[in-house]
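Trainee: Structural data only, the sequence is not supplied:
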Ligand SMILES: C[S@@+](CC[C@H](N)C(=O)[O-])C[C@H]1O[C@@H](n2cnc3c(N)ncnc32)[C@H](O)[C@@H]1O
């Protein structure tokens, strides 16, 4: 990896979740029941699979995390076609029924909602992320922003959940992680495309190396966090498997 100035990490606000706690989140019967309804609502939006967004199994995992951890504020880096945004938003909508006002900022380096460029069309999605969010009654929950993740996380704002799914290069993640840690208020950082030990998760599919390399470097430098890969979920993800590339940072 390119030599960069060693980034200082402050893990004070990072939650210390265990794999067992995560397994409990993903096996909660109440959330299984509500997913019957919310999962099919998400399916009916016809956001394409295998088009650069998170797969439907990962959407489900994000939904469970927001329902169980009940963050008040979420930052998503990498809106793209909004696959992950809708899952986060649906969970926030359900949180609202319990009196919890979860707000989401979803940001992308390009204007994914631009009516002239129609980015979503080029990916094969029927509507822009903002139109999809309107259609599920979440326009007051989700705010879309345009800009570089680094600048967005220097804005002195606090979040209880940060989903890093933007530029997956090790160089960018090595800059994003300390900023994300500094932007946390008793929260978690979720990574996508985390390939433990750089091994493939699905047969011959080559791993994406950035998330593992960047976090590994912090760990080797003695930063007191660990990465917990979610591994196998209780439901299907992609390629007929239950494996996910989702992972989270936890305080040691
Ligand atoms: C893998 S896609 C995100 C998928 C999305 N979470 C979903 O489920 O539909 C990555 C997105 O991150 C955006 N991106 C890349 N580098 C970025 C950066 N430095 N800051 C913010 N967004 C970035 C890209 O434009 C792209 O839309």
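Mentor: Done, it's in. Every value quoted in this text rests on a predicted model; they were computed, and no experiment measured them.
Trainee: hey, let's count contacts and neighbours off CA atoms from now on
Mentor: Fine.
Trainee: Quick check: residue 232 touching residue 243?
Mentor: Yes: counting by CA atoms under 8 Å, residue 243 is a contact partner of residue 232 at 4.4 Å.
Trainee: Look at those two and report which has more neighbours.
Mentor: For residue 232 versus residue 243, the count of surrounding residues by other CA atoms under 10 Å is larger for residue 243: 21 against 15.
Trainee: Pop out the phi and psi values for the more buried one.
Mentor: Backbone torsions for residue 243, taken as degrees, to the nearest 10, come to phi -80, psi 140.
Trainee: Next, the contact list for the residue nearest the centre of the chain, please.
Mentor: Centroid check for the chain by CA atoms, centre = their mean gives residue 163 as the closest residue, at 3.3 Å. By CA atoms under 8 Å, 6 or more residues apart in numbering, the contact list for residue 163 reads 74, 75, 76, 77, 189, 190, 191, 192.
Trainee: what's the pLDDT at it?
Mentor: Looking at residue 163, its pLDDT stands at 98.
Trainee: now do residue 3
Mentor: Residue 3 is given a pLDDT of 48.
Trainee: Could you do residue 200 as well?
Mentor: 96.
Trainee: didn't it look like it was pressed against residue 206?
Mentor: Yes: counting by CA under 8 Å, residue 206 is a contact partner of residue 200 at 5.8 Å.
Trainee: name the element the residue nearest to the centre of the chain belongs to?
Mentor: If you go by DSSP states H and E, residue 163 is part of strand 159-164.
Trainee: and that strand, is it in reach of the ligand?
Mentor: No: using CA under 6 Å from any ligand atom, strand 159-164 never reaches the ligand; the gap is at least 8.2 Å.
Trainee: please begin residue numbering at 831 from this point
Mentor: Sure, I'll start counting at 831 from here, so that last one is strand 989-994.
Trainee: Which SSE is immediately downstream of that strand?
Mentor: helix 1000-1012.
Trainee: which strands and helices sit next to that following helix?
Mentor: Here helix 1000-1012 touches helix 979-982, helix 1040-1050, going by 3 or more CA pairs under 8 Å, 6 or more residues apart in numbering; DSSP states H and E.
Trainee: and among the ones you listed, the most buried is which?
Mentor: For the helices and strands packed on helix 1000-1012, the largest average neighbour count (mean count of other CA atoms under 10 Å) is found in helix 1040-1050, namely a mean of 19.
Trainee: Just checking the distance from that helix to the centre of its chain.
Mentor: Here helix 1040-1050 shows a centroid-to-chain-centroid distance of 18 Å under the convention CA atoms, centre = their mean, to the nearest Å.
Trainee: circling back to that earlier point, quick one: work out the angle between the strand holding residue 993 and helix 1040-1050.
Mentor: Using axes from the mean of the first three to the mean of the last three CA atoms, to 10 degrees, the direction of strand 989-994 lies 120 degrees away from that of helix 1040-1050.
Trainee: For the residue nearest to the centre of the chain, name its beta-bridge partners.
Mentor: Taking DSSP bridges as the rule, residue 993 bridges to residue 906, residue 1020.
Trainee: Tell me the residues of the protein that contact the ligand?
Mentor: 882-884, 907-914, 938-940, 977-979, 995-997.
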